[in-house]
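**Student:** from the sequence below, what's the structure:
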Amino acid sequence: MAKIKKTTKAVSAIPTASMSDIAFLLLLFFMVSTVFVKERGLRITMPQAKEIVKIPRKHAATIYVDRHGTISIDDMVVSIPDVQWVMQRKLADDHNIISSFRTDKETNYGIMSDILNQLKEANALRVYFEAKLKR
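**Tutor:** Numbers count the residues shown, from 1 in each chain. Okay, the predicted model is just below:
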């Protein structure tokens with residue numbers, strides 16, 4: 001009679017043949033399901049400028065003011081007393097923040113003056129006024 005040898009050695013291997021398929025499926029899923037939010041702002045007609053200097057968007061808080069006096073800071077509608085609180089919070093997140101005004105050319109200067117006073121109270125002293133390039 002023949003002796004049968006039992007092998008008790010277990011082979012442990014992780015199958016990696018479908019690893020690249022899984023990686024590409026995950027990549028495709030995240031590419032399809034990612035939503036990019038575009039800043040809406042308010043509808044405004046910008047004043048004209050002779051020269052334009054670009055400011056870095058990652059350090060900018062855009063303040064929109066339309067001709068009716070509606071104020072929006074980075075797509076969040078606020079009132080004049082709330083400007084100080086919002087800008088203090090943004091300054092706490094990024095101390096290099098630039099307050100960038102995008103106002104309608106028909107906006108009442110009194111509203112802009114009130115916003116500038118709120119920015120001064122919030123210690124947000126870097127303020128830029130945006131305009132369109134005159135062509």
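**Student:** so after the host helix or strand of residue 20, what's the next helix or strand?
**Tutor:** Element membership for residue 20 (DSSP states H and E) is helix 19-33. Per DSSP H and E, the first helix or strand lying C-terminal to helix 19-33 is strand 48-49.
**Student:** ok, then the element right after that following strand?
**Tutor:** The element immediately downstream of strand 48-49 (helix or strand, assigned by DSSP H and E) is strand 60-65.
**Student:** quick one: strands adjacent to that next one?
**Tutor:** According to DSSP bridges, the neighbouring strands of strand 60-65, each with its direction, are strand 71-73 (antiparallel), strand 98-103 (parallel).
**Student:** so which bits of the longest one are buried?
**Tutor:** Of the residues in strand 98-103, 98-103 count as buried by neighbour count, 16 or more other C-beta atoms under 10 Å. Where you see a C-beta, it was placed from the backbone N, CA and C, and this is true even at glycine.
**Student:** and that strand, how far out from the chain middle?
**Tutor:** Here strand 98-103 shows a centroid-to-chain-centroid distance of 14 Å under the convention C-alpha atoms, centre = their mean, to the nearest Å.
**Student:** mind giving me CSV with the strands paired with strand 60-65 and columns for mean pLDDT and distance to residue 109?
**Tutor:** Listed next are these as CSV, based on pLDDT from 0 to 100; distance: least, C-beta to C-beta, whole Å:
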stretch, mean pLDDT, distance to residue 109
strand 71-73, 91, 14
strand 98-103, 87, 9
